[in-house]
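K.L.:
how would this look folded up:
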Amino acid sequence: CNIIQGVDCLFAELIFLEYVFDTDDAHGWFSPSVITSKWCGRIFMVHKDSVRNGRWILALMSGIFLLLQSLSVAAQGSSVAPTDDAIARSIVEKADKVRFPADGFQVDIVINSQRPDKDADMRKYRVLSKGNENTVVMVTEPASERGQIILMKGRDLWVFMPEVSQPVRISLAQRLTGQVANGDLARANFAGDYNPKVIGTEKIGNDSFHILELIAVDRSVTYQRVVYWVNEKSGWPLKAEFYSLSNRLMKKCSYENFQTLAGRLRPTRLVMEDALRNGEKSILEYSDMKLRDLPDKLFTKEYLKKLD
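P.N.:
Below you'll find the model as predicted:
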């Protein structure tokens, strides 16, 4: 349909150009010389005098050039390539699904935190999560803190403590233990929390990696800026750098020891290192991940007291 319309426009252009080029023969106009075009079955008239003096050929060439230009623009408009932002978001979404299931699941996490001047500290948690927007984090060890529960709804967090009657509002960026922030356990939705763009590629070993810059959608998220390396072929995350609001590097994280959890290969160890204090790091070990059909009522403040 676009081609036929373009040809119609070409015929109109040819008639106009005939007037322009044949101003010295205003009385000659068209003789009924009929040519049937095999290309699209259109019939048009050719001015004999113009064919003899070459003006019709010039008009035809000009018209064809204009038609090809218009068809080229139309073709470009009908096959728009994905934007860079869309490609970057697709990479981040794929990596999110590698790290954790999109559906409801349960996983146990052991965190060992190390400092050069102190003994290692170990804590255990059980995480129940549903759809990236609803999470419950329960402390299982040490026994003295058992019963503490963090509830996440969207980007809102509350902590419930047995000795306090009402849940207390906290933030994603607050430290949970060692180098681990609340948001590192409660919310791992990079695609939903950041606006990503690809800023480069890097060859590490035999693999090529996308380098992405993630800018926080607002100040409520865990980190304000993240630089993220994702394998171009597998979509697996390799490492990340976390920056503060003032753009100072705070932590580095590596995703390691990929094993099968909940039906697919995922990183089972995260090593988070303090970028400002050498030797301080936390190692997160993930195990016993299973898919679960978790009811919505589980993720409410009213329900926290029923969890054990």
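
K.L.:
center of this structure, which residue is that?
P.N.:
Nearest to the geometric centre of the chain sits Arg89, at 1.1 Å (C-alpha atoms, centre = their mean).

K.L.:
contacts only, for that one.
P.N.:
Neighbouring residues of Arg89 by C-beta atoms under 8 Å, 6 or more residues apart in numbering: 191, 196. Where you see a C-beta, it was placed from the backbone N, CA and C, and this is true even at glycine.

K.L.:
then the one 3 residues further on?
P.N.:
Under the criterion of C-beta under 8 Å, 6+ apart, the contact partners of Val92 comprise 190-191, 194, 196, 212, 214, 228, 230.

K.L.:
quick one: it is in a helix?
P.N.:
Yes: counting by DSSP: H, G, I helix; E, B strand; the rest coil, Val92 falls inside a helix.

K.L.:
distance of it from Leu212?
P.N.:
Applying C-beta to C-beta, to the nearest Å, the value for Val92 to Leu212 is 7 Å.

K.L.:
find residues that contact each of those two.
P.N.:
Shared contacts of Val92 and Leu212, defined by C-beta under 8 Å, 6+ apart, are found at 196, 228, 230.

K.L.:
next, format the residues you listed as TSV and append distance to Val159, neighbour count and secondary structure.
P.N.:
Output for those, formatted as TSV (distance: C-beta to C-beta, whole Å; neighbours: other C-beta atoms under 10 Å; DSSP: H, G, I helix; E, B strand; the rest coil):
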residue	distance to Val159	neighbour count	secondary structure
Pro196	30	26	strand
Tyr228	28	25	strand
Val230	32	24	strand
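
K.L.:
need the max-distance pair from the contacts of Val92.
P.N.:
Greatest spatial distance among the contacts of Val92 (C-beta to C-beta): Tyr194 and Val230, at 13.0 Å.

K.L.:
which stretches of the stretch 201-308 of the chain have low pLDDT?
P.N.:
Filtered on pLDDT under 70, the stretch 201-308 of the chain yields the residue ranges 306-308.

K.L.:
can you map out the strands along the stretch 201-308 of the chain?
P.N.:
207-216, 225-231, 237-243, 249-261, 264-274, 281-291 (DSSP state E, counting those that start in this stretch).

K.L.:
just the buried residues of the last one, please?
P.N.:
Put plainly, it is strand 281-291. Residues of strand 281-291 classed as buried: 281-284, 286, 289 (neighbour count, 16 or more other C-beta atoms under 10 Å).

K.L.:
now render these as JSON lines, adding distance to Lys251.
P.N.:
Formatted as JSON lines, the buried residues of strand 281-291 follow (distance: C-beta to C-beta, whole Å):
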{"residue": "Lys281", "distance to Lys251": "9"}
{"residue": "Ser282", "distance to Lys251": "9"}
{"residue": "Ile283", "distance to Lys251": "13"}
{"residue": "Leu284", "distance to Lys251": "12"}
{"residue": "Tyr286", "distance to Lys251": "18"}
{"residue": "Met289", "distance to Lys251": "24"}
